[in-house]
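Colleague: what follows is a predicted protein model with its sequence.
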Amino acid sequence: MNAAKSFSSRLAGWLPRIVVAPSLLVVIVTVYLFILWTGVISFTSSKFVPVYDFVGLEQFVRLWATPRWHTAVANLFIFSALFLVLSTGIGLLMAILLDQNIRSEGFLRAVYLYPMALSFIVTGTAWKWIMNPGLGIQKVVNELGWTGFTFDWITDPNMAINTVVIAGVWQSSGFAMAIFLAGLRGIDNSVIKAAQIEGASLPLIYRQIIIPMLRPAMLSVIVLLSYIAIKSFDLVLALTNGGPGSATELPSTFMFSATFRRNQMGVGAASAIMMLMTVAAIIIPYLYSELRERNNG
């Protein structure tokens, strides 16, 4: 009897590990082993197929000597800056509005979150139609009588990156809103009531008290949106395919083109490692700060 109880208790202790083990194995193989393999390929002369000769940093030198890569990095900075500022600002504003206990809050929250349920391929395709001068906004406004109106950013090399920003912000603002709203709902209402008793207006309360208390949520939003910006591929592919020319080329699309279109697997692997290092530079300090706060707490 005691042996049966001992076996049952051991099984209960191991059951969570047994259930998680297949998923963990899949993650190790499909994520970490492929990251390691990509790192190995970046130090080889691989082109159309992988080869395993060591050439040192040659592929990284070739990568940074490529003008198209410089364009992709510059576009990433522009896209990331606009994407982060607009998504964070709009998400915070929507969260504050919903925090006022307005009517139909559940419906509005679902509307704001709906774009995040769509894939970036769907978002890119939809916005490609909307921004097409012959099909979308420009055509509709022209037919309404404003014949001088033009909205051809998607075909303008100087403005095309902004179309990617618009589509990305439309999809991700609701995600930022959800995180900020969760943070707002975690703040004690007594703080607001005490400030109101002192005569502070609601905008002043939010600006000087509530928003500073949202620092953990703000940090989470920035880290997650930065990760989304760096790995953006399907949105650009569906919306502009990196064009016109290389006006909307990003590191992710450069990596795809180098590996599968120009048969430069080593250069593509090197660009992937550069993207991984960028993501790590964002994620690791965030995780470190979170762990330090938990230990101090």
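Modeller: Here it is on my side, so go on. Residues are numbered from 1 along each chain as shown.
Colleague: what are the phi and psi angles of T240?
Modeller: phi -130, psi -10 (degrees, to the nearest 10).
Colleague: find the helix or strand that I228 is a member of.
Modeller: helix 215-230 (DSSP states H and E).
Colleague: list the buried residues of that helix.
Modeller: Neighbour counts over helix 215-230 (16 or more other C-beta atoms under 10 Å) mark A217, M218, S220, V221, I222, V223, L224, L225, S226, I228, A229, I230 as buried. In short, each C-beta sits where N, CA and C put it, glycine included.
Colleague: touching, the fourth one and F180? I think so.
Modeller: Yes: if you go by C-beta atoms under 8 Å, V221 and F180 touch, sitting 6.9 Å apart.
Colleague: which neighbours do these two share?
Modeller: Shared contacts of V221 and F180, defined by C-beta atoms under 8 Å, 6 or more residues apart in numbering, are found at G91.
Colleague: and the residue most central in space within the chain, what pLDDT?
Modeller: In the chain, the centroid-proximal residue (C-alpha atoms, centre = their mean) is I228; its distance is 1.3 Å. pLDDT recorded at I228 is 90.
Colleague: what sits against it?
Modeller: F83, G168, S172.
Colleague: so how far is E58 from it?
Modeller: For I228, the distance to E58 (C-beta to C-beta, to the nearest Å) stands at 32 Å.
Colleague: same check on L33?
Modeller: L33 sits 24 Å away from E58, going by C-beta to C-beta.
Colleague: of these two, give the one with the bigger neighbour count.
Modeller: E58 (16 against 11; other C-beta atoms under 10 Å).
Colleague: just the pLDDT for that one.
Modeller: For E58, the model assigns a pLDDT of 95.
Colleague: doesn't S45 make contact with it?
Modeller: Yes: with contact defined as C-beta under 8 Å, E58 reaches S45; the gap is 7.2 Å.
Colleague: which residues do these two both contact?
Modeller: With C-beta under 8 Å, 6+ apart, E58 and S45 have common neighbours G266.
Colleague: mind jotting down where the strands sit in the stretch 51-200 of the chain?
Modeller: Secondary structure of the stretch 51-200 of the chain (DSSP state E, counting those that start in this stretch): no strands located.
Colleague: where does it dip in pLDDT?
Modeller: Nowhere does the stretch 51-200 of the chain drop to pLDDT under 70.
Colleague: which stretches of it form helices?
Modeller: 58-64, 67-98, 105-117, 120-131, 137-143, 160-185, 189-197 (DSSP state H, counting those that start in this stretch).
Colleague: how about the fourth one: buried residues?
Modeller: So the one you mean is helix 120-131. Neighbour counts over helix 120-131 (16+ other C-beta under 10 Å) mark F120, T123, G124, T125, A126, W127, K128, I130, M131 as buried.
Colleague: hmm, who's touching it?
Modeller: 115, 135-137, 151, 153-154, 163, 166-167, 170-171, 232-240.
Colleague: specify the angle between that helix and helix 105-117 in degrees.
Modeller: For helix 120-131 against helix 105-117, the angle by axes from the mean of the first three to the mean of the last three C-alpha atoms, to 10 degrees is 100 degrees.
Colleague: by how many degrees do helix 120-131 and helix 215-230 diverge?
Modeller: 80 degrees.
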